[in-house]
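Provided below for reference: sequence and predicted model.
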Amino acid sequence: MYQLKRPWIWIALLGRMALNGVRETGTLALFALSGFINIFYPPFYWRIFLGSLLDIGYLSLPVVALTALFSGGVIALQSYTGMSQYHVNSAIANIVVLAVTRELGPVLAGLMVAGRVGAAMAAEIGTMQVTNQIDALKTLSTNPIKYLVTPRLLAATLALPFLVLIADILGVLGGFTVSVIKLGFSSQGYIAATMNAVKPIDITIGLVKAAVFGFLIALMGCYHGYRSRGGAQGVGAATTSAVVAASILLLVFDYLLTDIFFAK
């Protein structure tokens with residue numbers, strides 16, 4: 001009898017998981033839509049927006065800059081290791097600038113910001129949730145989504161493209177420095193090859209990716225923080241979930257956007 005029932009148990013379990021996934025996706029979509037729509041309706045909380053813009057943009061700059069600088073250098077070294085076997089070292093500048101502007105600049109900056117800012121958003125809003133501060137906002141006739149979520153979504157969407165632009169410059173600079181100082185390339189030749197390889201569309205698509213990544217990072221941080229329960233343990237779980245979810249979504253959307261823009 002147990003063997004007869006066992007397949008139905010697994011089917012019921014899969015069905016329950018599918019329903020929970022659909023429910024969670026719908027809840028997240030409504031949360032994101034509510035946060036986005038509130039941008040266009042007053043009041044707008046400029047203090048929260050400017051503080052988030054400072055935290056996401058300016059205070060994240062050192063970690064993003066260092067990551068991009070050394071990543072560009074590593075790309076140059078690894079490219080030289082492979083290209084020297086086929087005597088096509090002249091392609092190293094092309095590889096560095098395209099890899100940084102199209103992929104590594106947006107992705108690495110997004111991952112760094114997700115680890116730093118996404119976790120902070122989830123912890124801050126989660127703490128407000130478990131200490132009933134969000135309920136207090138409701139009693140004061142303040143929309144908590146509009147007050148806590150909307151300014152952060154907008155700030156992250158605007159700040160990350162500026163971070164990525166700086167990451168692109170420093171990533172290319174890192175590849176240039178390693179190629180000229182360590183690998184013996186001509187500085188004039190490297191700069192000329194870089195300028196010939198890069199196109200405005202490559203930089204533009206990287207910045208579009210950055211804006212999408214910024215929205216996703218802020219959305220995951222706010223969403224998991226807003227739904228946290230269970231005191232300090234719940235806040236910790238929400239923080240972890242926000243970083244993991246933002247990182248995964250960032251890589252998924254990176255593939256989707258790359259497929260849209262660059263697929264032939």
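Cool, the structure landed.

in the protein, which spans are helices?
2-37, 46-53, 61-83, 92-98, 105-113, 119-130, 133-139, 144, 150-177, 187-197, 200-226, 231-262 (DSSP state H).

Which stretch among these is buried most, on average?
Burial of the helices of the chain is given as mean neighbour count (mean count of other CB atoms under 10 Å); helix 105-113 ranks first at a mean of 26. For the C-beta atoms, the positions are set from N, CA and C on the backbone; glycine is no exception.

looking at it, residue 205 is touching residue 261, isn't it?
Yes: with contact defined as CB atoms under 8 Å, residue 205 reaches residue 261; the gap is 5.0 Å.

re earlier: which of the helices of the chain comes out lowest on mean pLDDT?
Note on these: lowest mean pLDDT is at helix 2-37, with a mean of 80.

tilt between that helix and helix 231-262?
Taking axes from the mean of the first three to the mean of the last three CA atoms, to 10 degrees, one finds helix 2-37 and helix 231-262 inclined to each other by 80 degrees.

what's the angle between helix 2-37 and helix 200-226?
Using the same axes, to 10 degrees: helix 2-37 against helix 200-226 is 110 degrees.

just how off-centre is helix 2-37 within its chain?
26 Å (CA atoms, centre = their mean, to the nearest Å).

Would you mind pulling up the elements that it packs against?
helix 150-177, helix 200-226 (3 or more CB pairs under 8 Å, 6 or more residues apart in numbering; DSSP states H and E).

can you tell me which residues contact the residue nearest to the spatial centre of the chain?
Taking CA atoms, centre = their mean, the centroid of the chain lies closest to residue 110, which sits 3.2 Å from it. Applying CB atoms under 8 Å, 6 or more residues apart in numbering, we find residue 110 in contact with 160, 210, 213-214, 217, 250.

Could you do residue 162 as well?
Neighbouring residues of residue 162 by CB under 8 Å, 6+ apart: residue 57.

do residue 256 as well
By CB under 8 Å, 6+ apart, the contact list for residue 256 is empty.

and if you look at residue 178?
Residues in contact with residue 178 (CB under 8 Å, 6+ apart) are 72-73, 76-77.

Now that we have those, can you turn them into TSV and tack on distance to residue 52?
TSV is the format used below for those (distance: CB to CB, whole Å):
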residue	distance to residue 52
72	28
73	32
76	35
77	37
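
tell me which of the residues you listed is nearest to residue 133?
Of all the contacts of residue 178, residue 72 has the smallest distance to residue 133: 43.0 Å, by CB to CB.

how much space is there between the closest one and residue 251?
Here the distance between residue 72 and residue 251 works out to 20 Å (CB to CB, to the nearest Å).

before we move on, what about residue 38?
28 Å.

And residue 77, how far from residue 179?
Counting by CB to CB, the gap from residue 77 to residue 179 is 9 Å.

Let me fix that, I meant to ask about residue 69.
Taken as CB to CB, the span from residue 69 to residue 179 is 14 Å.

cool, residue 160 as well?
Residue 160 is 28 Å from residue 179, by CB to CB.

quick one, what contacts residue 250?
107, 110-111, 114, 213, 216-217.

do the same with residue 25
Not one residue lies near residue 25 by CB under 8 Å, 6+ apart.

possible to save the contacts of residue 110 as TSV with distance to residue 82?
Below are those laid out as TSV (distance: CB to CB, whole Å):
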residue	distance to residue 82
160	31
210	28
213	29
214	33
217	33
250	27
